[in-house]
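Trainee: What shape does this take:
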Amino acid sequence: MPPSTDKTIDLAAMSAPTVMRTVGTRGARYRHRVGGAGVVGVRIAVAGATGYAGGELLRLLAAHPDVELTAVTGHSSAGARVGDVHPNLRSVAGLTIAPTEPRSLAGADLVFLALPHGESGALAAQLPDDVKVVDLGADHRLLDAEAWARYYGGAYAGAWTYGLPEIAGQRARIAASTKVAAAGCYATAITLALAPLIASGIASPDDVVVVAASGTSGAGRSAKAHLLGSEVMGDVSVYKVGAHQHVPEIKQASGARTLSMTPMLAPMPRGILATCTLKPASPTSVDAVAEVLRAAYGNEPFVHVLTGGASPRTAATAGSNSCHLKAHVDTDSGRIIVVSALDNLGKGAAGQALQCANLMLGLPESTGLAIDGVAP
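Mentor: The predicted structure follows:
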């Protein structure tokens, strides 16, 4: 084994008494105080902090015991304070929002990119190679450049390590990476339902059908006429039927070969409920399907396979990093049905990104993340 090249970097002047924690990273260790006044942790910057996903990320980071939020950026809100844009975030309300450019992010140990699809690739390319980056957008998720061109268009930025820790083997890859593309919201809800069943052989990878409803925050914070309250409330509608941009990502991550997806817009601010239907390889039972899911996720802190009469509900996952799954077998067709629910801003975006960052920084994976939802 070659000698270690790790070095220790003091991020805070030490004063006694203090408790020290060493956070392992690739090639360096960030040493910081835990608890007490003047706590300094791993330096974090958030680009695109004024959107819904960016705001949720700020909320999680503000309560994280091992990080120091050093920079937040935005576009039209540059120069404003966080509290002006996110009035719920009182603990970081006084931070000034800087322009989204590389110099605003300088000095951070890890940068989150919470930018619209197609915008993070160019910014990421201007960041130093040794800076860890987690991209919440789609720019670095797809391995296939043709799929990017077909579903997104624009310049292809290349693929990074895919950020969904619960996929078999992916946790170690994320921990060893400096650049991670966090999985998308629909992709997370659907892949967690499909992947173990396809990998185990109990379900066919062909002719997968998904109908999934999302809250309005999934469409971003920009003003759009069809997202006005008077348009959304009291209504459920479909959009991008058979052509949603998460389809190639879901196929890539889950092992599905053909997939038909119908997304729906539901009159709620946050949450995803996905009904995923698969053909069984041979006649099967609810117990057999549920056992495959339990075998895959039994030790996972954030994926919960429900039993008995409980069903996944978006409200039960609100504010958490959890995904709830429930197995069924259709009485008439014999098809496997898995219902999946999560918070699109939690496990579907900011929580997922922070979970990946914890792994990249050598921290306990669940640090700063909630398993339990907020109710009512």
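
Trainee: Tell me if I'm right that residue 348 and residue 185 touch.
Mentor: Yes. Here residue 348 reaches residue 185: they are 3.1 Å apart, a contact under Cβ atoms under 8 Å. Where you see a C-beta, it was placed from the backbone N, CA and C, and this is true even at glycine.

Trainee: joint contacts of these two?
Mentor: Common contacts of residue 348 and residue 185, defined by Cβ atoms under 8 Å, 6 or more residues apart in numbering, comprise 218, 272, 342.

Trainee: can you put the residues you listed in JSON lines and add secondary structure?
Mentor: Conversion of the shared contacts of residue 348 and residue 185 to JSON lines gives the following (DSSP: H, G, I helix; E, B strand; the rest coil):
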{"residue": "218", "secondary structure": "helix"}
{"residue": "272", "secondary structure": "strand"}
{"residue": "342", "secondary structure": "strand"}
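
Trainee: quick one: which of those has the most company?
Mentor: Neighbour counts for the shared contacts of residue 348 and residue 185 were taken using other Cβ atoms under 10 Å; the highest belongs to residue 342, with 35 neighbours.

Trainee: so what's that residue bridging to?
Mentor: Legend: beta-bridge partners of residue 342 under DSSP bridges are residue 272, residue 323.

Trainee: Could I get the contacting residues of it?
Mentor: For residue 342, the set of contacting residues under the criterion of Cβ under 8 Å, 6+ apart consists of 185, 188-189, 271-272, 314, 317, 322-324, 348.

Trainee: Pick out whichever of these sits closest to residue 255.
Mentor: Here the nearest of the contacts of residue 342 to residue 255, counting by Cβ to Cβ, is residue 188; it sits at 15.2 Å.

Trainee: what about the closest one, how many residues close to it?
Mentor: Here the count is done by other Cβ under 10 Å, and residue 188 has 31 residues near it.

Trainee: what ranges do the helices span in the stretch 151-300 of the chain?
Mentor: For the stretch 151-300 of the chain, the helices identified by DSSP state H, counting those that start in this stretch occupy 170-175, 185-200, 229-232, 247-254, 286-297, in order along the chain.

Trainee: by contact count, what packs against the third one?
Mentor: Contacting helix 229-232 under the criterion 3 or more Cβ pairs under 8 Å, 6 or more residues apart in numbering; DSSP states H and E is no other helix or strand.

Trainee: buried residues in it?
Mentor: Within helix 229-232, the residues that qualify as buried are residue 232, counting by 16 or more other Cβ atoms under 10 Å.

Trainee: Make TSV out of the contacts of residue 342 and add pLDDT and distance to residue 246.
Mentor: What follows is the contacts of residue 342, written out as TSV (pLDDT from 0 to 100; distance: Cβ to Cβ, whole Å):
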residue	pLDDT	distance to residue 246
185	97	8
188	98	9
189	98	10
271	97	16
272	98	11
314	98	18
317	98	18
322	98	20
323	98	15
324	98	19
348	98	11
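
Trainee: Which two of those residues have the greatest separation?
Mentor: Between any two of the contacts of residue 342, the greatest separation by Cβ to Cβ is 14.7 Å, found for 185 and 324.

Trainee: Neighbour count: these two, which is higher?
Mentor: Taking neighbours as other Cβ under 10 Å, residue 185 and residue 324 compare with residue 185 leading, 29 against 26.

Trainee: Quickly note the distance from the more buried one to residue 351.
Mentor: 11 Å (Cβ to Cβ, to the nearest Å).

Trainee: Residue 310: neighbour count?
Mentor: Using other Cβ under 10 Å, residue 310 is surrounded by 11 other residues.

Trainee: Now it: closest residue in space that isn't a chain neighbour?
Mentor: Using Cβ to Cβ, 6 or more residues apart in numbering and skipping residues adjacent in sequence, the residue nearest residue 310 is residue 326, 7.1 Å away.

Trainee: distance between the strand or helix carrying that neighbour and the chain's centre?
Mentor: Using DSSP states H and E, residue 326 sits in strand 323-329. Distance of strand 323-329 from the chain centroid (Cα atoms, centre = their mean, to the nearest Å) equals 20 Å.

Trainee: Over to stretch 250-267?
Mentor: 16 Å.

Trainee: do stretch 104-118 as well
Mentor: Taking Cα atoms, centre = their mean, one finds the center of stretch 104-118 at 15 Å from the center of the full chain.

Trainee: Quote the end-to-end distance of that stretch.
Mentor: Criterion Cα to Cα, to the nearest Å; first-to-last residue distance in stretch 104-118 is 20 Å.

Trainee: returning to that earlier point: same list, the shared contacts of residue 348 and residue 185, but as CSV with distance to residue 235 please.
Mentor: Supplementary listing: the shared contacts of residue 348 and residue 185 in CSV, determined by distance: Cβ to Cβ, whole Å:
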residue, distance to residue 235
218, 16
272, 18
342, 23
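
Trainee: Next, count neighbours for the residue nearest to residue 48 when sequence neighbours are not counted.
Mentor: Of all residues not flanking residue 48 in the chain, residue 114 sits nearest, at 3.8 Å (Cβ to Cβ, 6+ apart). Other residues near residue 114 number 29, with proximity taken as other Cβ under 10 Å.

Trainee: What are the neighbouring residues in contact with residue 114?
Mentor: Taking Cβ under 8 Å, 6+ apart as the definition, contacts of residue 114 comprise 46-49, 51, 53-54, 57, 136-137, 349-350, 353.

Trainee: What is the nearest of the contacts of residue 342 to residue 285?
Mentor: Nearest to residue 285 among the contacts of residue 342 is residue 324, at 20.9 Å by Cβ to Cβ.

Trainee: Tell me who's in contact with the closest residue to residue 303 other than its chain neighbours.
Mentor: Here the nearest residue to residue 303 in space, its sequence neighbours aside, is residue 297; by Cβ to Cβ, 6+ apart that works out to 4.0 Å. For residue 297, the contacting residues are 166, 192, 196, 303-305, 325, by Cβ under 8 Å, 6+ apart.

Trainee: For the residue lying closest to residue 253 once chain neighbours are set aside, the count of nearby residues, please.
Mentor: In space, and not counting its chain neighbours, residue 253 is closest to residue 191: 4.5 Å by Cβ to Cβ, 6+ apart. Burial of residue 191, expressed as a neighbour count using other Cβ under 10 Å, amounts to 30.
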